[in-house]
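Novice: Show me the folded form of this:
(2 chains)
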Protein chains: 2
Amino acid sequence: MNIAIVGIGLIGGSIGIRLKETHFCEKIIAVEKSETNQRKAIALGLADEIQSLENAIANAKVIILTIPVDAILALLPGILDQVTDQVIIDMGSTKSNILNLIKDHPKRGRYVAAHPMAGTEYSGPEAAIPNLFKDKMMVYVEAFKSDEDAFELADAITEQLEMKTSFMTAEEHDTHTAYVSHISHLTSFALALTVLEKEKSQGRIFELAGSGFQSTVRLAKSSPDMWTPIFKQNKTNVLEVLEEHIKQLQFVHDKIKGDEFDAVHKWIKKSNKIKRIIK
Amino acid sequence: MNIAIVGIGLIGGSIGIRLKETHFCEKIIAVEKSETNQRKAIALGLADEIQSLENAIANAKVIILTIPVDAILALLPGILDQVTDQVIIDMGSTKSNILNLIKDHPKRGRYVAAHPMAGTEYSGPEAAIPNLFKDKMMVYVEAFKSDEDAFELADAITEQLEMKTSFMTAEEHDTHTAYVSHISHLTSFALALTVLEKEKSQGRIFELAGSGFQSTVRLAKSSPDMWTPIFKQNKTNVLEVLEEHIKQLQFVHDKIKGDEFDAVHKWIKKSNKIKRIIK
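Specialist: Presented below is the predicted three-dimensional model:
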């Protein structure tokens, strides 16, 4: 069995390394439009060969899509048109629009919607690492609409990646990721820009940046090509969480401005409840 | 020589451990009002004995203040009244108000204003660790106003902690920390609250929280007793950075809402410049 990975960057490349390491399949075929990334993928051992999308569909049993979500939307219907018994897995960060787009496709059953809750702030083939997915969560969305054999094969790959699993509706998935992933990126981008702007008048400002700053701003290194389509595809949820987040910041702003420091203390203390969630 | 540490939590306790480890002084005397923390400080080896503030001033050559900034403001003038040739070092996160308060004190020269840019999201004696300060930045504020011998002794302690050093005015310090430390805490508190609120209607929301979320929200575990006074003492700068940060978030909100995704892409790409600052 061959597995094709469409888009051989951080996610696709990390799947490639790991599946080659466990000898789960005969060949990893990469579909990749950037010639530079094609060369890197082979040189770094993320894939065995490069093929066109058409050839990869013909030669692979599983086709994994690890490209930006707008590219998934553009390609998925055409790929489904070409499949017989292959399995298509998309690993994108938004699901409602994609699932809606292909909901009546005659080959709907061959498609598994999955989202690995794993990543780093780096991108491209050189960012790929073998243990990226270990002990992280793979979310299946509307898994009950996939053919049983298609889901089983997708889940066997998830097992190779040593991931935990979770099942959700598209709506749940897109709300939850807006709150625990997409907003974190937006606050990091905004924080980076806030300080970069100030640097223009206060040259030494980064001299004092410690580990706290690093940790809240590191996601601001993330790729605009990947994240712009996510905010576009998950627009409604992203706007909702952004509005609530701005409301929280405006609240504490007004309390500080009005010298209501008991209210500020209470607000911080309430946020400390996050201790029971994160280690 | 004995060294007194007033407030034996994360910062004070970590100084205590390290100075005991390097045998820099005869005894570490802790001044600590919480009886629980007194017991922990001795049990954990952060200090050799507990004394009242008055006795500690009489028995120590150096008095280090590692208490919340409002407590430093309240105690510092009275401590300066009692010193002869001792050195007082404050390690608080805001400086303008403190320096302004004691600027005409006859013992001003015995005082060194310092701020170690180091910490974790934990607090209390049990959070103390020996290498907290290693390779981090110690900022001296208005160091030229300290007596030469007082500064030299403070700097010898900084050397024991294996820190780098930087020199600033109070205004520079308070602006810079607002931008690279205080705002990071505010965004973390706000982010934690945004998601904790949503959890009430979407129970499983934290199931998908990955390392990105953890990293942007971990500072929300920080102590309200420490942070409320910082926002109070650095009110003007904190309000300024909060306003600029909200403006950035409102900007991207409006662009997403208006389907201006080219502008969103450009905004993210601009924030990526943070790559040249943080590793």
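
Novice: Just the helices from the stretch 1-150 of chain A, written as ranges.
Specialist: A:10-21, A:35-43, A:53-59, A:69-82, A:96-101, A:148-160 (DSSP state H, counting those that start in this stretch).

Novice: Save the ones you listed as TSV, and put in distance to residue B:202 and mean neighbour count too.
Specialist: In this view, the C-beta of every residue, glycine as well, is placed from N, C-alpha and C. Shown next, in TSV, are those (distance: least, Cβ to Cβ, whole Å; neighbours: other Cβ atoms under 10 Å in any protein chain shown):
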stretch	distance to residue B:202	mean neighbour count
helix A:10-21	25	24
helix A:35-43	37	16
helix A:53-59	37	16
helix A:69-82	21	18
helix A:96-101	15	18
helix A:148-160	24	17
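
Novice: Can you say which of those helices is nearest to residue B:141?
Specialist: When those are compared by Cβ to Cβ, helix A:10-21 sits nearest residue B:141, at 42.0 Å.

Novice: Remind me what the closest one packs against, helices and strands.
Specialist: The contact analysis (3 or more Cβ pairs under 8 Å, 6 or more residues apart in numbering or on different chains; DSSP states H and E) places helix A:10-21 against strand A:2-6, strand A:27-31, helix A:148-160.

Novice: gap between that helix and the chain center?
Specialist: 15 Å (Cα atoms, centre = their mean, to the nearest Å).

Novice: Same check on stretch A:27-42?
Specialist: 20 Å.

Novice: likewise stretch A:242-259?
Specialist: 30 Å.

Novice: which parts of it are buried?
Specialist: Judged by neighbour count (16 or more other Cβ atoms under 10 Å in any protein chain shown), stretch A:242-259 contains these buried residues: A:242, A:244, A:245, A:246, A:248, A:249, A:250, A:252, A:253, A:255, A:256.

Novice: What number of residues are in the vicinity of residue A:197?
Specialist: Using other Cβ atoms under 10 Å in any protein chain shown, the number of residues around residue A:197 comes to 15.

Novice: so what's it closest to, chain neighbours aside?
Specialist: residue B:244 (6.9 Å; Cβ to Cβ, 6 or more residues apart in numbering or on different chains).

Novice: try residue A:52
Specialist: Closest to residue A:52 by Cβ to Cβ, 6+ apart is residue A:31, at 7.0 Å.

Novice: wait, what's in contact with the one you found?
Specialist: Residue A:31 sits next to A:4, A:5, A:6, A:7, A:8, A:50, A:51, A:52, A:53, A:56 when contact means Cβ atoms under 8 Å, 6 or more residues apart in numbering or on different chains.

Novice: Residue A:242 - nearest residue in space that isn't next to it in sequence?
Specialist: Take residue A:242 and drop its neighbours on the chain: the residue closest to it by Cβ to Cβ, 6+ apart is residue B:253, 4.7 Å away.

Novice: Okay, buried residues for the lowest-mean-pLDDT helix or strand in chain A please.
Specialist: Within chain A, no helix or strand scores below helix A:211-217, which has a mean of 92 by mean pLDDT, DSSP states H and E. Residues A:211, A:212, A:213, A:214, A:215, A:216, A:217 are the ones in helix A:211-217 that count as buried (16+ other Cβ under 10 Å).

Novice: now for the residues you listed, which pair is the farthest apart?
Specialist: Within those, A:211 and A:217 form the most distant pair, 10.9 Å apart (Cβ to Cβ).

Novice: And the pLDDT for residue A:195?
Specialist: You'll see residue A:195 listed with a pLDDT of 95.

Novice: From residue A:70, how far off is the residue nearest to residue A:52?
Specialist: Per Cβ to Cβ, to the nearest Å, residue A:31 is found 17 Å from residue A:70.

Novice: Now the buried members of the contacts of residue A:31.
Specialist: For the contacts of residue A:31, a burial check counting by 16+ other Cβ under 10 Å picks out A:4, A:5, A:6, A:7, A:8, A:50, A:51, A:53, A:56.

Novice: tell me which of the residues you listed is nearest to chain B?
Specialist: Minimum distance to chain B across the buried ones among the contacts of residue A:31 is 17.9 Å, recorded for residue A:7 (Cβ to the nearest Cβ).

Novice: and the closest residue to that closest one other than its chain neighbours, how many neighbours?
Specialist: With Cβ to Cβ, 6+ apart as the criterion, residue A:7 has its nearest non-adjacent residue at 3.6 Å, and that residue is residue A:67. Using other Cβ under 10 Å, residue A:67 has 26 neighbouring residues.

Novice: measure residue A:67 to residue A:129 for me?
Specialist: Distance, residue A:67 to residue A:129, by Cβ to Cβ: 19 Å.

Novice: do residue A:252 as well
Specialist: 38 Å.

Novice: just residue A:18 next, same as before
Specialist: Applying Cβ to Cβ, the value for residue A:18 to residue A:129 is 9 Å.

Novice: mean confidence score for stretch A:73-82?
Specialist: Here stretch A:73-82 scores 97 as its mean pLDDT.

Novice: ok now that stretch, how far from the chain's centre?
Specialist: 20 Å.

Novice: hmm, the helix or strand containing residue A:172 touching chain B?
Specialist: Assessed by DSSP states H and E, residue A:172 sits inside helix A:170-177. Yes - residues of helix A:170-177 contacting chain B under Cβ under 8 Å from any Cβ of the partner chain: A:172, A:173, A:175, A:176, A:177.
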